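Engineer: Predicted model, plus sequence, below.
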Amino acid sequence: MDRYDLVVVGGGPAGGSCAYFAAMLGLNVCVVEKKRWIGLPVCCAEGISKKGLENIFRPKPIWISSLVKGTHLYAPSGRKITIHHPDAGYILERRIMEREILSLAAVKGAKILTKTSAIKIIGDKEKFTAVLVEHKKGKSELKCEYIALACGMDKRVANSAGININVKESDIISSAQYLIAGNDFELGYPEFHLGNRIAPGGYAWIFPKGDNIANVGIGVALDRLNGKMAVQYLDEFIKNKFKGKIEILERTGGVVPVGGPAKKLVYKNLLLLGDAGMLTDPLSGGGIANALLSGKLAAYAIYDTKNGKHLLNEYEKNFFKLKRKELEFHLIARRILVTLTDDELNELGEIVAELYGGKSFTEIDSIRFLIDVFTRHPKIFGLVRKIIPAFLK
Amino acid sequence: MAVRVIEELCIECSGCVFICPNFAINHYDNYPEIEREKCNLCGLCINGCPYGALIFEGKGNG
């Protein structure tokens, strides 16, 4: 019978990071990944801030496809606003990064089981005791002291442990993305396109991975799809955006929760990591940075709990100590932005252009940026006036 | 009537598993599977699938 200190369900950035740090701390770890291949399919735009990655891992050159040096924002009118931000972050080669993180964990002693699905969490009144998994040889129980759920959108595993995750339609983004070959891409400058016609309740993006290749995608809120599929919005965006020849190399996409994090991240001896805890950024929909961070913090919390230093709840406390303010304000910002008309978004664009357009910044604090812009728009200022002081502290 | 997965269109993102309010969709390796006993035909997964890989199949309400 297998017995582990920690079973990690899911081998993506959250699970990989957790397994790596737990193994580094000497814990006996097992990772179960339902897919045949680690890191595939890549359902992700692959952007991450420099700090978001480097606070957790020192990236190897092969993890990175390009450096981000700024951004082009597009208002619904088509008005382009460029903000220079050298050292902003990376566009990753995520499939390589994921495989490398899991191999680092394996080298430190973690057991990695691919093509193995978690079916059910088993436990008694006091605690969870095992993960029931299915693989090609049949079913088996992985007995363990702690369980980390890093299985992304697969909320059924959490449900089997009595954790019910349901998100309203307006807080879910349906997204489609193509990997596109072409020659219209400006390396180093990801593009974000806003507008109720282009991407209702979301945005369209172009993340250049090289001179001739980019992730081009779109996210639309589930309650605003209007009977169309996300991929139809994407096709329309591409038709209007690219005049030269392009070729679609890969089709990916996914569903992103943008309603803010789960209320609780710790249930007895089980922890929710990354997308499984809905730690995606409500404004950008980005999930990798918080996934990596949650994995690391979870591993340390488990280690300390095992050694009697404190309670497992420390994981949740530490994560929210670092991230609550940002997640909360980004959720408020999203809730406001989705109510704006294209005219109002154009007005916001002008404000951004005036304050940030064409300028270069060594560091941009997103809360400060949003407050700067919002307070200059009378209608939005009225909406956020009362809560701003709490976020400026 | 039932919900069916069109495998050629599915990108294996597991999004439908998340969208389904009834926990009626399983997705292990390969493609998602729908548990008919749990599916109440609400259509949310069909609406939310980015590539339209889920459809209603069959006629009537049986």
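Structural biologist: Nice, I can see it. Only a predicted model underlies this, so the values are computations on that prediction, with no experimental measurement involved.
Engineer: contacts, neighbours, all on C-alpha from now
Structural biologist: Will do.
Engineer: Show me which residues of chain B sit near chain A.
Structural biologist: By the criterion of CA under 8 Å from any CA of the partner chain, the positions of chain B lying close to chain A are B:11-19, B:21, B:23, B:26-30, B:47-52.
Engineer: Give me the number of neighbouring residues for residue 32.
Structural biologist: With no chain named, the answer covers chain A. Residues near A:Val32, counting by other CA atoms under 10 Å in any protein chain shown, number 26.
Engineer: The intended chain is chain B.
Structural biologist: As a burial measure, B:Pro32 scores 22 neighbours (other CA under 10 Å).
Engineer: Spit out the contact partners of the residue nearest to it when sequence neighbours are not counted.
Structural biologist: Residue nearest to B:Pro32 in three dimensions, not counting chain neighbours: B:Asn26, with 5.5 Å by CA to CA, 6 or more residues apart in numbering or on different chains. If you count contacts by CA atoms under 8 Å, 6 or more residues apart in numbering or on different chains, B:Asn26 has them with A:Arg156, B:Val17, B:Pro32, B:Glu33, B:Ile34, B:Glu35.
Engineer: now the residues of chain B next to chain A: which count as buried?
Structural biologist: Burial by neighbour count, judged by 16 or more other CA atoms under 10 Å in any protein chain shown, picks out B:11-19, B:21, B:23, B:26-29, B:47-52 from the residues of chain B next to chain A.
Engineer: give the contact list for residue 36.
Structural biologist: Picking chain A for this. If a contact means CA under 8 Å, 6+ apart, then A:Arg36 has A:Thr114, A:Lys115, B:Asp29 as its contacts.
Engineer: nope, chain B
Structural biologist: If a contact means CA under 8 Å, 6+ apart, then B:Arg36 has B:Ala2, B:Ala24 as its contacts.
Engineer: Which strand or helix spans it?
Structural biologist: Assigned by DSSP states H and E, B:Arg36 belongs to no helix or strand.
Engineer: can you check A:Leu348 too?
Structural biologist: A:Leu348 is part of helix A:342-356 when elements are defined by DSSP H and E.
Engineer: Run the chain-centre distance for that helix.
Structural biologist: Taking the mean C-alpha point of helix A:342-356 and that of its whole chain, the gap between them comes to 26 Å (CA atoms, centre = their mean, to the nearest Å).
Engineer: Using CSV, write out the CA atom coordinates for the helix or strand just after that helix.
Structural biologist: Sequence order places helix A:366-374 as the next helix or strand after helix A:342-356, per DSSP H and E. Coordinates of the C-alpha atoms in helix A:366-374 are reproduced here as CSV (Å, rounded to 0.1, in the frame of the first residue of the first chain):
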residue,chain,number,x,y,z
SER,A,366,-1.7,47.9,-10.5
ILE,A,367,-3.8,49.2,-7.7
ARG,A,368,-2.2,52.6,-7.9
PHE,A,369,-2.6,52.6,-11.7
LEU,A,370,-6.3,51.7,-11.5
ILE,A,371,-7.0,54.3,-8.8
ASP,A,372,-5.1,57.0,-10.8
VAL,A,373,-7.3,56.3,-13.8
PHE,A,374,-10.6,55.7,-12.0
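Engineer: how big is the angle separating helix A:366-374 from helix A:342-356?
Structural biologist: Taking axes from the mean of the first three to the mean of the last three CA atoms, to 10 degrees, helix A:366-374 and helix A:342-356 form an angle of 110 degrees between their directions.
Engineer: List just the nearest of the contacts of B:Asn26 to A:Pro257.
Structural biologist: Ranking the contacts of B:Asn26 by separation from A:Pro257, with CA to CA as the measure, puts B:Val17 on top at 12.4 Å.
Engineer: Help me confirm that that closest one comes into contact with B:His27.
Structural biologist: Yes: if you go by CA atoms under 8 Å, B:Val17 and B:His27 touch, sitting 6.9 Å apart.
Engineer: Spit out the residues that contact those two alike.
Structural biologist: Between them, B:Val17 and B:His27 share these contacting residues under CA under 8 Å, 6+ apart: A:Asp154.
Engineer: re the thing from before, please flag which of the residues of chain B next to chain A sit within helices.
Structural biologist: Among the residues of chain B next to chain A, the members falling in helices are B:Gly15, B:Cys16, B:Val17, B:Phe18, B:Ile19, B:Asn47, B:Gly48 (criterion: DSSP state H).
Engineer: export those residues to CSV and tack on distance to A:Leu272 and pLDDT?
Structural biologist: Formatted as CSV, the entries for these read as follows, by distance: CA to CA, whole Å; pLDDT from 0 to 100:
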residue, distance to A:Leu272, pLDDT
B:Gly15, 18, 94
B:Cys16, 20, 96
B:Val17, 17, 95
B:Phe18, 15, 95
B:Ile19, 18, 96
B:Asn47, 27, 95
B:Gly48, 24, 96
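Engineer: Including distance to A:Asn290, could those residues go into a markdown table?
Structural biologist: Listed next are these as a markdown table, based on distance: CA to CA, whole Å:
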| residue | distance to A:Asn290 |
| --- | --- |
| B:Gly15 | 19 |
| B:Cys16 | 23 |
| B:Val17 | 22 |
| B:Phe18 | 19 |
| B:Ile19 | 21 |
| B:Asn47 | 28 |
| B:Gly48 | 24 |
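Engineer: Where does pLDDT dip in the stretch 101-250 of chain A?
Structural biologist: Scanning the stretch 101-250 of chain A for pLDDT under 70 picks out nothing.
Engineer: and the nearest residue to A:Ile173 once chain neighbours are set aside, what does it touch?
Structural biologist: With CA to CA, 6+ apart as the criterion, A:Ile173 has its nearest non-adjacent residue at 4.4 Å, and that residue is A:Ala221. Taking CA under 8 Å, 6+ apart as the criterion, A:Ala221 is in contact with A:Glu169, A:Ser170, A:Asp171, A:Ile172, A:Ile173, A:Ser174, A:Pro200, A:Gly201, A:Gly202.
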